[in-house]
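Undergrad: My questions concern the predicted model and sequence given below.
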Amino acid sequence: MRSRIVVLALVSCLPAFAFAQKPKADDATPASSGSGGSGMKSPSSRDLGDMNPAAFLIDKRKKLALADSTVNQLKTLQKTISDRYAAFNLSYDSTRKWTMPLSSSSSSAATAGLHGGSGDSKLTSVGASPAEQAKMQSSVRDLRAMMADYRGRRKADVADALAVIPEAQKKAATDMLIGQDSDVEKLLRGK
């Protein structure tokens, strides 16, 4: 009887232990060396994929009063844009993974963010070897370049999406996409 009580007590504590675990490596974020050392998150390729301008306009079809034929064109464009990013997404997520501390014993993240600040040379991680630090620094630079590439690609995607929109709804769609561009910039800056 006593052992059952002990087992039940231990089992009831498991959820608390599960929530107290360290974040997975995919959830870890490089931290900024700015004031207070607050963390900055780099978006995943899924986060970037959620910013597909064609998908965004499909979601706003009622506000824009889009015809079914226009929505169908946007759906085709949404798939085309997603397909264009397939190789980019693989490379991006692979590079993003290397911006995280590699040592499993390290609970702190890198001390420089992806978005400027004090520079790659200050990237460190408690317990990270010099080789790990060098790989992280290189990956952060690569990720910055990939984010710049994403910004350029997005401009083309937005232009493609707007080309599908009829002239009567183009201004409203443009204004909505400008709002989404602001959200994209916040995402890329880790805010």
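TA: Sure thing, it's come through.
Undergrad: where do the helices sit along this structure?
TA: Counting by DSSP state H, the chain has helices at residues 2-19, 45-49, 53-59, 61-64, 68-84, 86-97, 130-164, 167-188.
Undergrad: so what does the second one touch, helix or strand wise?
TA: Which is helix 45-49. Contact partners of helix 45-49 among helices and strands, from 3 or more C-beta pairs under 8 Å, 6 or more residues apart in numbering; DSSP states H and E: helix 86-97. Heads up, the C-betas are built off the backbone N, CA and C, glycines and all.
Undergrad: any idea of the mean pLDDT in the helix it packs on?
TA: Confidence over helix 86-97 (mean pLDDT, whole number) is 89.
Undergrad: now, of the helices of the chain, which is deepest in the fold?
TA: Mean neighbour count (mean count of other C-beta atoms under 10 Å) peaks for helix 53-59 among the helices of the chain, with a mean of 21.
Undergrad: picking up where we left off before, what's the least confident stretch among the helices of the chain?
TA: Ranked by mean pLDDT, the helices of the chain bottom out at helix 2-19, which scores a mean of 48.
Undergrad: mind pulling up the phi and psi values for residue 60?
TA: Phi and psi for residue 60, reported as degrees, to the nearest 10, are phi -100, psi 10.
Undergrad: Thank you, goodbye.
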